[in-house]
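*Asks:* let me see the structure of the following:
(one chain, ligands or ions: 1)
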Amino acid sequence: MEIIEQQKNWFLQGHTRRYAFRKRQLEKMKRMLDTFEAPLLKALRYDLNKSGFEAYTTEIAFLKAEIDEQVKHLKTRMAPEKVKAPLTHAGTDNYIIKEPYGNVLIIAPWNYPLQLAIAPAIGAIAAGNTAVIKPSEMTPMVSWVIRRMVEEFFPEHILKVIEGGKEVTQKLLQEPFDYIFFTGSERVGQIVMQKAAEQLIPVTLELGGKSPAIVHKDANVQVAARRIAWGKLINAGQTCIAPDHVLVHEEVKDSFIEAYKEAVTHLYSSEPLQNEDYVKIVNKDHFHRIKEYLEEGNVAFGGETSEKENKIAPTVLTDVSRDDKVMQEEIFGPVLPVIGYDELDDVIRTLSGKPKPLALYYFGESQKDQKLVTTTLSFGGGCINDTLYHIINPHLPFGGVGSSGMGSYHGKYSFSTFTHEKSITKQTTKFDPSFRYKRDEKSLKIIKSLL
Ligand SMILES: NC(=O)c1ccc[n+]([C@@H]2O[C@H](COP(=O)([O-])OP(=O)(O)OC[C@H]3O[C@@H](n4cnc5c(N)ncnc54)[C@H](O)[C@@H]3O)[C@@H](O)[C@H]2O)c1
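*Replies:* Coordinates of the predicted model:
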């Protein structure tokens, strides 16, 4: 593809290695977001019915904060890093060169269509790469605005947006990119990794999964319900780290459901489907997929749907079984199965046997139990007594593990994701210790003592 050749050639000329260049591009990105704020908000409303508040806080503000963070630390992150050396290396200098990979491919999903297309690009550009972004075809208006704004602010040999569906992505996956950053489903993540393997292209995979919330008997149930409702219902549950289902101690199960209902009413009124800021389900296929889950359990509250608007009310399902689809698939919608348990150890045992989720949320006051859950179970990241908040801290790496992904980003982790750390030992020519050239007893003794 011609554009990839252009980006590669331009990269090889060395422009992106300079601090001033990178800083300028990041500042330009921020101006781009400012200039296109109104069309972006409109497009997010059109594709997903995101309110101005939700669209700004979860997409635009997030990106601006990420740009500021990268600019603030850019010089330090770019600089070669001096490291220590063992005595065998007396006289040497040892350092790591922060080398950009080159030409990066970013593939984005539809649920935070702006944030998840641009956040990796911020990291890629900060680290000195050129990039091609493939936004999601499922949110066509947002993708169109992303393409238009990037075209207006960036020459295509630095940053280029290519719109299209899976055929376009598959074509792109045949190109000799130097790095692939994919956000999306586990199924497509496997395809991307297989294609990348053919050319041994390094990848980051930001995938999904069923992220559980655990509410133990010593939890502040009101607070837990409010924070779970908030994290579940932002974007109508179409969030990769949304709590997928709740495992709640039997002693507090009823009070949790009651408190969750109150929290939902407080957030979206008693008729959420009438709330004009309540996010819609992205398309009819997903609408029907989620609606079918309602048949699988007992609707404790909610359950209303509007096919005309593609909306599903916040719903609590009880009496689901582990074989139900709702407990097998990533829900990615506002339906919350609530499952009771008696022993925390049983919960840990059950979760240990499942694929590693992208997030896990534990609610409970005992520090011993908090430690037990967070250190025994493997998951991408999460919170104690909250949901989603870990993703907003740029000092924490964000990413999955196992089936929920590999690699991480945000803040310094974005910079290092798009950077090859090249190790250099600079040897002195002032002396040349002879022990390394000889194979006698004395040399061996010296080497042993130095090591
Ligand atoms: N870990 C994260 O940060 C994160 C963030 C958001 C969403 N997700 C996950 O993404 C999923 C939802 O997003 P989605 O439905 O857009 O994901 P998806 O995997 O269907 O699509 C993601 C991208 O891959 C492309 N694609 C789709 N099918 C393809 C194919 N057969 N070959 C090549 N490319 C293909 C799409 O065009 C899109 O750009 C959920 O599983 C969610 O958990 C993860």
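*Asks:* tell me what the helix or strand that residue 257 is a member of is packed against?
*Replies:* Per DSSP states H and E: residue 257 is located in helix 250-268. Judged by 3 or more C-beta pairs under 8 Å, 6 or more residues apart in numbering; DSSP states H and E, helix 250-268 is in contact with helix 221-233, strand 298-301, strand 315-318, strand 335-341. For every residue, glycine as well, the C-beta is placed using N, CA and C.
*Asks:* closest to the ligand out of the ones you listed?
*Replies:* Smallest distance to the ligand across the helices and strands packed on helix 250-268 (C-beta to the nearest ligand atom): 13.7 Å, for helix 221-233.
*Asks:* quick check, pLDDT for residue 274.
*Replies:* Model confidence at residue 274, given as pLDDT, is 94.
*Asks:* surely residue 232 is in contact with residue 241?
*Replies:* No. Residue 232 sits out of contact with residue 241 when judged by C-beta atoms under 8 Å, with a separation of 10.5 Å.
*Asks:* looking at those two, which is more packed in?
*Replies:* Neighbours per residue (other C-beta atoms under 10 Å) separate residue 232 from residue 241, with residue 232 holding more: 28 against 25.
*Asks:* dump the residue contacts of the more buried one.
*Replies:* 242-243, 314, 334, 336, 387 (C-beta atoms under 8 Å, 6 or more residues apart in numbering).
*Asks:* so which bits of the stretch 201-350 of the chain are right by the ligand?
*Replies:* Contact residues, the stretch 201-350 of the chain versus the ligand (C-beta under 6 Å from any ligand atom): 206-208, 240, 330, 332.
*Asks:* filter those residues down to the buried ones.
*Replies:* Neighbour counting with 16 or more other C-beta atoms under 10 Å marks 206-208, 240, 330, 332 as buried within these.
*Asks:* out of those residues, which are inside strands?
*Replies:* The strands, defined by DSSP state E, take in residue 206 from those.
*Asks:* nearest to the ligand: which residue in the chain?
*Replies:* Counting by C-beta to the nearest ligand atom, the chain gets nearest to the ligand through residue 208 (2.0 Å).
*Asks:* against residue 49, how distant is that residue?
*Replies:* Going from residue 208 to residue 49 by C-beta to C-beta, to the nearest Å gives 21 Å.
*Asks:* report the secondary structure state of residue 362.
*Replies:* Per DSSP: H, G, I helix; E, B strand; the rest coil, the secondary structure class of residue 362 is strand.
*Asks:* go on, the one 3 residues further on?
*Replies:* When states are read from three-state DSSP, the local structure at residue 365 comes out as coil.
*Asks:* how deep is it tucked in, by neighbour count?
*Replies:* When neighbours are counted by other C-beta under 10 Å, residue 365 comes out with 13.
*Asks:* can you find the helix or strand in this protein with the smallest mean pLDDT?
*Replies:* Comparing every helix and strand of the chain by mean pLDDT, DSSP states H and E singles out helix 441-450 as the least confident one, with a mean of 86.
*Asks:* give me the helices and strands touching it, please.
*Replies:* Secondary elements touching helix 441-450 (3+ C-beta pairs under 8 Å, 6+ apart): none.
*Asks:* quick check, pLDDT for residue 432.
*Replies:* Reported pLDDT for residue 432: 89.
*Asks:* low pLDDT regions in the stretch 101-250 of the chain?
*Replies:* Judged by pLDDT under 70, the stretch 101-250 of the chain has no weakly predicted residues.
*Asks:* about what we covered before: including distance to residue 270, could the helices and strands packed on helix 250-268 go into JSON lines?
*Replies:* Formatted as JSON lines, those follow (distance: least, C-beta to C-beta, whole Å):
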{"stretch": "helix 221-233", "distance to residue 270": "14"}
{"stretch": "strand 298-301", "distance to residue 270": "10"}
{"stretch": "strand 315-318", "distance to residue 270": "14"}
{"stretch": "strand 335-341", "distance to residue 270": "17"}
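*Asks:* ok, which of those comes nearest residue 7?
*Replies:* Nearest to residue 7 among the helices and strands packed on helix 250-268 is helix 221-233 (37.9 Å), distances taken as C-beta to C-beta.
*Asks:* quick one, phi psi at residue 382?
*Replies:* phi 180, psi -160 (degrees, to the nearest 10).
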